[in-house]
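Novice: structure for the following, please:
(2 chains)
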2 protein chains.
Amino acid sequence: MMNKITLIGGGLSGSLMAVYLAKRGFEVNVYERRPDMRNNRISAGKSINLALSVRGLRALNRVGLDTEILKEALPMYGRTMHPIDGNLTYQPYGKEGQAIYSVSRGLLNIRLLELADEFPNIHLHFEHKCIDVDLDATTALFVDGQGNEVYVSGDRIIGTDGAFAATRGRLQITDRFNYSQSYLDHGYKELLIPPGPGASFLMNKQSLHIWPRGHYMMIALPNPPGDFTCTLFFPFEGEESFASLKTEAQVAAFFKKRFPDAVPMMPGLIEDFFTNPTSSLVTVKCYPWVKEDKLALLGDAAHAIVPFFGQGMNCAFEDCVVMDDCIEKYGNDWTKIFDEYQKLRKVNADAIADLAVQNFVEMRDKVGDLEFLNKKKVEHDLCELYPELYMSQYEMVTFSNIPYSEAMAMGAVNDNILRRIIQGKVDLNDQAKITSIIKEEKGAIHGK
Amino acid sequence: MMNKITLIGGGLSGSLMAVYLAKRGFEVNVYERRPDMRNNRISAGKSINLALSVRGLRALNRVGLDTEILKEALPMYGRTMHPIDGNLTYQPYGKEGQAIYSVSRGLLNIRLLELADEFPNIHLHFEHKCIDVDLDATTALFVDGQGNEVYVSGDRIIGTDGAFAATRGRLQITDRFNYSQSYLDHGYKELLIPPGPGASFLMNKQSLHIWPRGHYMMIALPNPPGDFTCTLFFPFEGEESFASLKTEAQVAAFFKKRFPDAVPMMPGLIEDFFTNPTSSLVTVKCYPWVKEDKLALLGDAAHAIVPFFGQGMNCAFEDCVVMDDCIEKYGNDWTKIFDEYQKLRKVNADAIADLAVQNFVEMRDKVGDLEFLNKKKVEHDLCELYPELYMSQYEMVTFSNIPYSEAMAMGAVNDNILRRIIQGKVDLNDQAKITSIIKEEKGAIHGK
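Specialist: Got it, this is the predicted structure:
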């Protein structure tokens, strides 16, 4: 008998997972709450661009989409910092040629849906909002665009319905379900730097731009049409906060004072500020992610994270890869597939969730700090000089497939190495000395 | 205009808070899901006895109930440990004469409801299950015993509806509500040691009894009729677990092997084991606890904790005391009352939640350990010899009103003091030396 799988949520991870499953011959029904975005080029409801990196590219490669997506992406090779005084500084993200890629969420999602539609065993259903899930019968209840209730049966359900997942809501009312939702005191608002004359970029288009301001920051990512999407990450309450900026004059004065180089590039600032929503930033953790062979959560539905490491999509795509590997390994034994999937992924999802929160502090505060910049400079040189021996945490997360949990554990080891080198003022070219310091510190952790 | 307050939940903290509010002249409506337990002496749905200590007694004193309740309570002056070999050991909880009190949840709740009913401005409504809360209109929707929907308006709502509170559920769907529910891998089951001949106690009735078994334990608290309520805290899954004990023969063999001295006192063991429910153990944390001057959560509704420090009720009663103090301070400014209440209590509720989880490890595992017993002996002597200088964490939590958060912070300081004394094999009567060690360690933390 053919295995019929109901995927709830046709966003990025849902449409990718559908293709993985279809390639293995399963019958896949995808139910998406929103209208078909191929016909309605409306916002996908979240940030419009994303940073695609190695983990995400690996996942897209498995369905042959990586090269095509990279053609429409903009490489960002490092961070450009914009202090108030206007003296820009720059930190490369990795080694020569390594970049993260600014991609459009909408375009990527559309391309994945188009690919899914090529499979006769994938059936896409839009404007179907999930209302309830029956775990025993593996039946899901939807309300369609006309307000009709639709019951859908299948052999199992995969919940890819995002940070506020209905599927997770169903697990949440079972006994012994561990769950946490934790909000930052900061919200975010998207703003715009439109293209200059002749669709030109008004800033370096090969960089992610950061305006670090201590308790808050603005960032900007380039888009192919020549514009930049800016995001202000800002406290909800307090002296400088969304709550304190009530009038147009207050907003204008604040930006002029705190982001003087950006304001001339943002002609629609005031209108954008009052029109665009202020959104909150949540970390969701839960466990278990699966119910026997009946239901599994995947992507944001299992682990919503804050955006400061640019890993939300990459992590969700890596979930799909691991689920696919488990199917490869266990064939049609879904109890084993789901169980190994959750065990492999939980610890890594927790790690990237915590790293993402930590990185907010680094981005908004430390990247403007001279001592920190020096440390990053030494680290960059180390990576370049001793690529076999030393890898920065950022590199591990962004330019490798090393498990997030290992990358997190190596953070403290790397800090020790850097501290000893900086304090000892060792010559970075003193290969014997540097090698011995790195080996010693790595040995200390492995010996534990 | 009179201030009309809707209390949702007529359990221990709900009925106590009602009396506090009535004494201040407010109009109080209490809605309780269950039938009136004064007519139906059924289980209150939770453990049947509780350990009342200083914080709870202070709260009862404020309504003049402490003396009366103590008359029906049994003092427990220490812990009696039951190892497998039957050689009992004993640790006093505090100084000479200090005890925690085993009280009946049902009797205490009934006495509080009787007191509440004496106030003309308290109106008790039973069999009213809260379905929804309208935060803007401060209206609550109930379903009564006949299945009718009842809308209740008031000036504000206090949610005292327990660990699975409907009131908290309403806050949970507001933006930026931090929430976590975390389950232990252990569940619990209540069992019984009935009275001996002539309503006699079969074990020391002035002690809390513990059978520490490493990964799990059983405890027993005395009740005035001569019986003991036993609770088995036991893993849900694994080699020795609820899941592994499937047949009567398995249960009988397990208890005979692991609790040999208890089995002869438990004639109904097998029947109790298969009849009584297996319940889970959850820690719930959330924030904020209040919504403007409209709604506040109190007791388990705001912070459900595991039972291993015997502080669930004591902490909930302390919430009532602090709320009452805030009303005293701010009169009728409920935005200030609710805000100060939550700020004062959140940090302390978090602390006792974490201490309670820690204490499970101590009770099930360490109390059977010789090194640990020696440490407790030294600590007990220290407390007796230097009452002005040294206070154990257990004493701070149980026999004082020191904020839980301070008691938690002092744990590490106390550990340092004890380690130095034990390692240095100092004479406990060497007053100068002991005093200097204690002062030095306390100074170290205060200097931080």
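
Novice: going forward, measure contacts and count neighbours with C-alpha atoms only.
Specialist: Noted.

Novice: how much space between the residue nearest to the spatial centre of chain A and chain B?
Specialist: Nearest residue to the geometric centre of chain A (C-alpha atoms, centre = their mean): A:Gly312, 2.1 Å. A:Gly312 is 19 Å from chain B, where distance means C-alpha to the nearest C-alpha, to the nearest Å.

Novice: these two touch, right, that residue and A:Ala302?
Specialist: No - A:Gly312 lies out of contact with A:Ala302 (C-alpha atoms under 8 Å); the separation is 11.5 Å.

Novice: near chain B, anything from the lengthiest strand in chain A?
Specialist: Longest strand of chain A, by residue count under DSSP state E: strand A:178-193. Yes - Strand A:178-193 is in contact with chain B by C-alpha under 8 Å from any C-alpha of the partner chain, via A:178-183.

Novice: domain ranges for chain A?
Specialist: A:4-59+A:105-180+A:283-359, A:369-447 (automatic domain parsing).

Novice: and these as JSON lines, adding mean pLDDT and distance to B:Glu440?
Specialist: Converted to JSON lines, the domains of chain A look like this (pLDDT from 0 to 100; distance: least, C-alpha to C-alpha, whole Å):
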{"stretch": "domain A:4-59+A:105-180+A:283-359", "mean pLDDT": "94", "distance to B:Glu440": "35"}
{"stretch": "domain A:369-447", "mean pLDDT": "89", "distance to B:Glu440": "31"}
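
Novice: hang on, the earlier thing: now the residue nearest to the centre of chain A. Nearest residue, chain neighbours left out?
Specialist: In this structure, A:Gly312 finds its nearest non-sequential neighbour in A:Ile305, 6.3 Å apart by C-alpha to C-alpha, 6 or more residues apart in numbering or on different chains.

Novice: quick check: which element contains the one you found?
Specialist: If you go by DSSP states H and E, A:Ile305 is not part of any helix or strand.

Novice: now do the same contact list for it.
Specialist: By C-alpha atoms under 8 Å, 6 or more residues apart in numbering or on different chains, the contact list for A:Ile305 reads A:282-284, A:312, A:352-353, A:356.

Novice: now the two most distant members of these.
Specialist: The span of those, defined through C-alpha to C-alpha, is set by A:Val282 and A:Ile352 at 13.5 Å.

Novice: which residues of the stretch 151-300 of chain A fall in helices?
Specialist: For the stretch 151-300 of chain A, the helices defined by DSSP state H, counting those that start in this stretch cover A:166-172, A:248-258, A:269-275.

Novice: now the last one: average pLDDT?
Specialist: Model confidence over helix A:269-275, given as mean pLDDT, is 96.

Novice: list the buried ones in that helix?
Specialist: For helix A:269-275, the neighbour count (16 or more other C-alpha atoms under 10 Å in any protein chain shown) marks A:269-270, A:273 as buried.

Novice: want to throw these into CSV with distance to B:Tyr390?
Specialist: As requested, the buried residues of helix A:269-275 are arranged in CSV below (distance: C-alpha to C-alpha, whole Å):
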residue, distance to B:Tyr390
A:Leu269, 61
A:Ile270, 61
A:Phe273, 58
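
Novice: okay if I get the residues you listed as a markdown table plus distance to chain B?
Specialist: Formatted as a markdown table, the buried residues of helix A:269-275 follow (distance: C-alpha to the nearest C-alpha, whole Å):
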| residue | distance to chain B |
| --- | --- |
| A:Leu269 | 26 |
| A:Ile270 | 25 |
| A:Phe273 | 20 |
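
Novice: and of these, the nearest to A:Met17?
Specialist: Closest to A:Met17, out of all of the buried residues of helix A:269-275 and judged by C-alpha to C-alpha, is A:Phe273, at 36.1 Å.

Novice: any figure for the gap between the nearest residue to that closest one once chain neighbours are set aside and A:Leu269?
Specialist: Counting by C-alpha to C-alpha, 6+ apart, the nearest residue to A:Phe273 once its immediate chain neighbours are dropped is A:Leu191, at 6.8 Å. Going from A:Leu191 to A:Leu269 by C-alpha to C-alpha, to the nearest Å gives 7 Å.

Novice: can you check A:Glu362 too?
Specialist: A:Glu362 is 26 Å from A:Leu269, by C-alpha to C-alpha.

Novice: can you tell me the closest non-neighbouring residue to the residue of chain A found nearest chain B?
Specialist: Closest approach of chain A to chain B (C-alpha to the nearest C-alpha) occurs at A:Ser180, with a separation of 3.9 Å. Spatial nearest neighbour of A:Ser180, excluding adjacent residues (C-alpha to C-alpha, 6+ apart): B:Ser180 at 3.9 Å.

Novice: report the beta-bridge partner residues of that neighbour.
Specialist: Counting by DSSP bridges, B:Ser180 is bridged to A:Ser180, B:Lys285.

Novice: give me the number of residues near it?
Specialist: For B:Ser180, the count of nearby residues is 21 (other C-alpha atoms under 10 Å in any protein chain shown).

Novice: ok so A:Lys439 is a strand residue?
Specialist: No - counting by DSSP: H, G, I helix; E, B strand; the rest coil, A:Lys439 is located in no strand; its state is helix.

Novice: give me every residue in the stretch 101-250 of chain A lying close to chain B.
Specialist: For the stretch 101-250 of chain A, the residues in contact with chain B (C-alpha under 8 Å from any C-alpha) are A:175-183.

Novice: if we use 10 Å, what do you get?
Specialist: A:172, A:175-187 (C-alpha under 10 Å from any C-alpha of the partner chain).

Novice: out of these, who's the most crowded?
Specialist: Going by other C-alpha under 10 Å, A:Gly187 tops those with 23 neighbours.

Novice: how about the residues of the stretch 251-400 of chain A by chain B?
Specialist: So the stretch 251-400 of chain A meets chain B at A:279-287 (C-alpha under 10 Å from any C-alpha).

Novice: now tabulate those residues in a markdown table and tack on neighbour count and distance to A:Leu389.
Specialist: Shown next, in a markdown table, are these (neighbours: other C-alpha atoms under 10 Å in any protein chain shown; distance: C-alpha to C-alpha, whole Å):
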| residue | neighbour count | distance to A:Leu389 |
| --- | --- | --- |
| A:Ser279 | 16 | 41 |
| A:Ser280 | 18 | 40 |
| A:Leu281 | 19 | 36 |
| A:Val282 | 25 | 36 |
| A:Thr283 | 22 | 33 |
| A:Val284 | 24 | 35 |
| A:Lys285 | 24 | 34 |
| A:Cys286 | 23 | 36 |
| A:Tyr287 | 21 | 36 |
